[in-house]
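> Turn this into a model:
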Amino acid sequence: MSSDSENAAPQGKSWTRRLVRVGAILTVIAALICAGIAGYGWFEFNRAGPPAKGLASETVVLLDEGMGLNSIATRLEEAGVIRNRFVFRAGVLFSGNGKRLKAGEYSIPARAPMDDVMRLLVEGKSILHKLTVPEGKTVAMIWRIVEEDPILVGDMPAAMPPEGELLPETYLFMRGTSRAELLERKHADHSDLLDQLWEGRKEGLPIASKDEAVTLASIVEKETGLAEERPRVAAVFVNRLRRGMKLQSDPTIIYGLTKGEPLGRGIRKSELERRTPYNTYIIDGLPPTPIANPGRAALEAVLNPPDTEELYFVADGTGGHVFAKTVSEHNRNVAAWRRIERERRAEAN
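Prediction:
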């Protein structure tokens, strides 16, 4: 009995050693397989991606808000910017960026490695679209520009803001930006800029409030399209306000007639004499509201005008104006402009 027990013990130890060796071999094999898979994944994740379709140098891909990693990887594979969505997903998760990919519209270069694609999405370097609103547009005109933009989304707000409260500027925005959001930016930017310029305004101006500053700046904006003239035009109106003179600005008459829409012709004598709240040939001081949305330069000109003695200006026939200090000088300039107008009419006929 003891002899059989002694023989069984060595055999049991031998099987145990064999099982340990087999386990070790299997562990090594599994490790090698995992290393091979990881190496393949790293290679695929970092090697050059597929070419763009046709002869394009890039591919535009739109990733919607709320898309998870699986959906993003599938969208990228379907667009042809990555070769394997499973490798992309694994690489993103391994890098710790699984929840950091941002929605947006992306321009992905041809042959970009998956690692580069991931970094582009993590940084959120989405395509930026542009909307430009020129200075001097009314709120209704800006409304149409924003409403007709093909990239912006969503309905327009229910009500327009008061005249003069939207900053004319070029705005960059991502696809998916709403019309309401862009208008809110324009309104906030106007308020921020006005606050900043008001704090640094020149002392002694005949302007009692920020609202009056915007109103006068809107008139300056409509009177000249030349940036270098805005300070002189602003100075003329400031000088006239100081002396209690009527502003006599033609654009205010047009606003009183059409709310700023172009007349398509010259102002008639009867319209010069028509009493409206905006006819600055009749009313004293400023009209009740702005007549357009002024830009930064017009606001700066009004709040920091140069010191001049000029009280008049009239068109000079070249797109600019000629300025005068006295009525007699101004009348000569007006006569010169009338001659130019007659000559142009004669040439047209």
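> Would you state the strands of the stretch 51-200 of the chain in chain order?
58-63, 104-109, 128-132, 170-174 (DSSP state E, counting those that start in this stretch).
> and the second one, how far from the chain's centre?
For strand 104-109, the distance from its own C-alpha centre to the chain's C-alpha centre is 18 Å (CA atoms, centre = their mean, to the nearest Å).
> what mean pLDDT would you report for it?
The average pLDDT within strand 104-109 is 91.
> residues of that strand that come out buried?
104, 105, 106, 108, 109 (16 or more other CB atoms under 10 Å). Heads up, the C-betas are built off the backbone N, CA and C, glycines and all.
> Distance to residue 178 for those - can I get that in TSV?
Formatted as TSV, those follow (distance: CB to CB, whole Å):
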residue	distance to residue 178
104	15
105	15
106	20
108	25
109	29
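> out of those residues, which one sits closest to residue 321?
Ranked by distance to residue 321 (CB to CB), the buried residues of strand 104-109 are led by residue 105 at 44.9 Å.
> That closest one contacts residue 151, correct?
No: Residue 105 is not in contact with residue 151 according to CB atoms under 8 Å; the separation is 9.2 Å.
> list residues touching both of these two?
Here residue 105 and residue 151 have residue 175 as joint contacts, going by CB atoms under 8 Å, 6 or more residues apart in numbering.
> Grab the nearest non-local neighbour of residue 118.
Using CB to CB, 6 or more residues apart in numbering and skipping residues adjacent in sequence, the residue nearest residue 118 is residue 92, 5.5 Å away.
> that older thread, for residue 246, find the nearest of the strands of the stretch 51-200 of the chain.
Of all the strands of the stretch 51-200 of the chain, strand 128-132 comes closest under CB to CB, at 34.6 Å.
> Pull up the pairing partners for the closest one, direction included.
strand 170-174 (antiparallel) (DSSP bridges).
> what does the partner strand rub up against?
Outside strand 170-174, the residues that reach it (CB under 8 Å, 6+ apart) are 104-105, 126-133, 151-152, 182, 185-186.
> What residues sit buried inside it?
Neighbour-count burial for strand 170-174 [16+ other CB under 10 Å]: 171, 173.
> cool, and stretch 84-102?
Those would be 85, 87, 88, 89, 90, 91, 92, 101, 102, for stretch 84-102 by 16+ other CB under 10 Å.
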